[in-house]
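Enquirer: from the sequence below, what's the structure:
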Amino acid sequence: MTSPDGKLYRIPCANRVMRIWGWGLSHWQRGAKKFFRDSFDGFPCKGVGKKREISLENYPKRVHGFRPDTGRIRLEIQQMKRIAIGLLGTQLDRGRTPERWDKWRPTVTLFQHHDLLIDRFELLHDPASIDLAKLVADDIRQVSPETQVRLHAIDFGRDAWDLANVYGALHDWSRAYAFERDSEDYLIHITTGTHIAQISLFLLNEAGFLPGRLIQTAPPRGSGRTRGFDPGRYAIIDLDLSRYDALSSRFAREIGETTDFLKSGIATRNPAFNRLIDRIEQVALRSKAPLLLTGPTGAGKSQLARRIYELRHQRGGLDGDFVEVNCATLRGDTAASALFGHVRGSFTGAQRDRPGLLREAHKGLLFLDEIGELGSDEQAMLLRALEDKTFLPVGSDKAVKSDFQLIAGTNRDLREEVFAGRFREDLLARIQLWTFGLPPLKERREDLAPNLDYELRRFAEKEGRQVSFNKEARELFLKFAESPDTPWHGNFRDLNAAIVRMATLAPRSRIGVDEVREEIERLRESWQRPNDGPGNDQTNLLADVFPQSRLDEIDDFDRVQLAHVIAVCRKSKSISDAGRELFAASRKKRTVMNDSDRLKKYLLKWGLEFSGL
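Expert: Just a heads-up that it's a prediction; the model follows:
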């Protein structure tokens, strides 16, 4: 074969490994096809005489030695050993007389396709069919002498239609088989065997226990006979659906629809939040393990938990109900009773049995919001319920079962709660396998506009009337809402309340500038702390920068100074401008002006940076 540089390269073919220098895969494919057609006489090809051709997609291609200086690559096509695995067809493969060669027998005719070379065949059969298996193996050797046939007796049990037994037997065989995926290409023949056995092969292939591709055969059209040694048809099926562009596009749309569902149809724009929802979608559909949703109050934990339940319920993963409870409302002796139920007479006032919320969530989903508020006794009982799917109702010595899925929510740092001795470490380890932190609204300001439209739709669905903003009012509200100075302490609860108030007061269902200005003043007033003076909300700035646990460690003396520094930094264009204002008095006495450096060191003392304010 002649390469682009005019040199002739000989390709060794005895071991079915061909190597060539070329300019790219397309050039190499054209040359390889020409080589097969004109020069190679011993390779299984379609056609007769000199016009021989082979489909290169059946032979794995590998790229070696890319040279960026010349743009050349060394391509290698290697005919890996092809191994077929199939079940003996006790009906379709049977036949002992010479007339059997006129009959279409799927296992035997698999080896009569001239363009399908198989190096080894693993024939699986039940022990009672050993004679037929040996006969079929002999017939395969006659039509394909180069194929090695190995017999494997598998005991499927008394009932060949028992999925558990058949799948288990094939699973055990596949686990014991020594697959060599780097040097062998596997085809799983799914035409023979009972429907249960075929389903089991499919499931094992999809799960990766039987690697490779599926192959299905069919008799010649219009007849069950070979009609002059016509082996019929075959189709190779790759369950890696990413190889099929149309299916990949379809699945991409379905994934998009699923994530839109979890976001309640809101076209969110925040990249970090969208990545978070993508990951939650993957876990929600693939895992039954507990989920832990963290984030501040009002970040949307409860709504997301319900959407996860609805998604799982639609996809057939849950049959039971969605049960939600805020653990902050469970106090004293009634906490255990509410969660785990009680029997009549177990305590004063227990006049009848109570099933409890865990039993109501059987086959469904239990959402425990603010799980950090649970008492130590309830935490221990919940841990047992998660591990054993059983628990003891209050006053009972007989365990009851409840198979529920759990989503927990919290606005606390449960690791700090464990360190302080207020939360069980073993329970945290059990519920934090999948932990997702929902960001506060102030970190998703680009999502305010789509969420504004969503809240208007919610109001319309609930109240039965459509309300909208006029252009000036919408721009004014979004300017306020998206401003870095707007803290949104209550997150989406504040946003929802603001929309409900403006929509209710809007004349003729049209929110105007007056309603927006009134609502802005109302929100600002609601965000002021009780000890703040009129119009003075500087100390509230600290809540935008530090978590509550850190704020509790800062003295009031430092809070006042730090809040003022943050306020000046936020209104200044640069750290130099902020430094000049903050050190205006002392800088008059200095010969070297290093205001920005002094401010930078002060901020670093509190773990802050000017760019992050």
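Enquirer: can you give me the helices for the stretch 301-450 of the chain?
Expert: 301-314, 334-340, 357-360, 376-388, 414-419, 425-431, 448-463 (DSSP state H, counting those that start in this stretch).
Enquirer: which of the residues in the shortest one are buried?
Expert: This points to helix 357-360. Residues of helix 357-360 classed as buried under the neighbour-count rule (16 or more other C-beta atoms under 10 Å) are 357-360. All C-beta atoms are positioned from the backbone trio N, CA, C, and that covers glycine.
Enquirer: next one: the longest one
Expert: Residues 448-456, 459 are the ones in helix 448-463 that count as buried (16+ other C-beta under 10 Å).
Enquirer: right, and the helix or strand after that helix?
Expert: strand 468-469 (DSSP states H and E).
Enquirer: if we can go back for a sec, would you turn the buried residues of helix 357-360 into CSV with pLDDT and distance to Glu519?
Expert: Listed next are the buried residues of helix 357-360 as CSV, based on pLDDT from 0 to 100; distance: C-beta to C-beta, whole Å:
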residue, pLDDT, distance to Glu519
Leu357, 93, 37
Leu358, 93, 42
Arg359, 92, 44
Glu360, 93, 39
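Enquirer: before we move on, the earlier item: as JSON lines, the buried residues of helix 448-463 with pLDDT would be great.
Expert: Compiled in JSON lines, the buried residues of helix 448-463 are given as follows (pLDDT from 0 to 100):
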{"residue": "Leu448", "pLDDT": "92"}
{"residue": "Ala449", "pLDDT": "91"}
{"residue": "Pro450", "pLDDT": "91"}
{"residue": "Asn451", "pLDDT": "91"}
{"residue": "Leu452", "pLDDT": "93"}
{"residue": "Asp453", "pLDDT": "91"}
{"residue": "Tyr454", "pLDDT": "91"}
{"residue": "Glu455", "pLDDT": "92"}
{"residue": "Leu456", "pLDDT": "93"}
{"residue": "Phe459", "pLDDT": "92"}
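Enquirer: distance to Ser144 added to those residues, as CSV?
Expert: Output for the buried residues of helix 448-463, formatted as CSV (distance: C-beta to C-beta, whole Å):
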residue, distance to Ser144
Leu448, 69
Ala449, 67
Pro450, 63
Asn451, 66
Leu452, 70
Asp453, 66
Tyr454, 64
Glu455, 69
Leu456, 70
Phe459, 72
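Enquirer: out of those, which one sits closest to Val400?
Expert: When the buried residues of helix 448-463 are compared for distance to Val400 (C-beta to C-beta), Tyr454 comes out closest, at 40.7 Å.
Enquirer: so the closest one makes contact with Ser264?
Expert: Yes: shown here, Tyr454 and Ser264 form a contact pair, counting by C-beta atoms under 8 Å, at 6.5 Å.
Enquirer: what stretches of the stretch 151-300 of the chain score poorly on pLDDT?
Expert: Across the stretch 151-300 of the chain, the ranges flagged by pLDDT under 70 are 222-229, 240-259, 265.
Enquirer: hmm, 90 instead?
Expert: Applying pLDDT under 90 to the stretch 151-300 of the chain flags the ranges 157-161, 164, 181-183, 205-209, 220-232, 237-274, 276-278, 281-282, 284-286, 297-298.
Enquirer: for the buried residues of helix 448-463, which one is nearest Val565?
Expert: For those, the nearest to Val565 is Leu448 (27.2 Å; C-beta to C-beta).
Enquirer: separation between the residue lying closest to that closest one once chain neighbours are set aside and Asn594?
Expert: Here the nearest residue to Leu448 in space, its sequence neighbours aside, is Ala481; by C-beta to C-beta, 6 or more residues apart in numbering that works out to 4.7 Å. Ala481 is 38 Å from Asn594, where distance means C-beta to C-beta, to the nearest Å.
Enquirer: and if you look at Leu368?
Expert: Taken as C-beta to C-beta, the span from Leu368 to Asn594 is 53 Å.
Enquirer: more neighbours: the two, which one.
Expert: Leu368 (29 against 13; other C-beta atoms under 10 Å).
Enquirer: wait, what's in contact with that one?
Expert: Contact analysis of Leu368 by C-beta atoms under 8 Å, 6 or more residues apart in numbering lists 325, 327, 374, 382, 406-409.
Enquirer: could you do Pro127 as well?
Expert: Going by C-beta under 8 Å, 6+ apart, Pro127 touches 153, 155.
Enquirer: pLDDT score for it?
Expert: Predicted confidence (pLDDT) at Pro127: the value is 93.
Enquirer: quick check: bridge partners of Gln216?
Expert: Ala235 (DSSP bridges).
Enquirer: shouldn't it be in contact with Thr191?
Expert: Yes: in this structure Gln216 lies within contact range of Thr191 using C-beta under 8 Å: 5.5 Å.
Enquirer: count of residues packed around Pro231?
Expert: 23.
Enquirer: same question, Ser376
Expert: By the measure other C-beta under 10 Å, the count of residues near Ser376 is 12.
Enquirer: please give me every residue in contact with it.
Expert: Per C-beta under 8 Å, 6+ apart, neighbours of Ser376: Arg424.
Enquirer: next one: the one 4 residues further on
Expert: Contacts were defined as C-beta under 8 Å, 6+ apart; by that measure Ala380 touches 424, 427.
Enquirer: model confidence score at it, please.
Expert: 93.
Enquirer: let's verify the residue nearest to Val513 when sequence neighbours are not counted: helix, strand, or coil?
Expert: Distances taken as C-beta to C-beta, 6+ apart put Ala473 closest to Val513, at 5.0 Å, once the chain neighbours are dropped. Three-state call for Ala473 (DSSP: H, G, I helix; E, B strand; the rest coil): helix.
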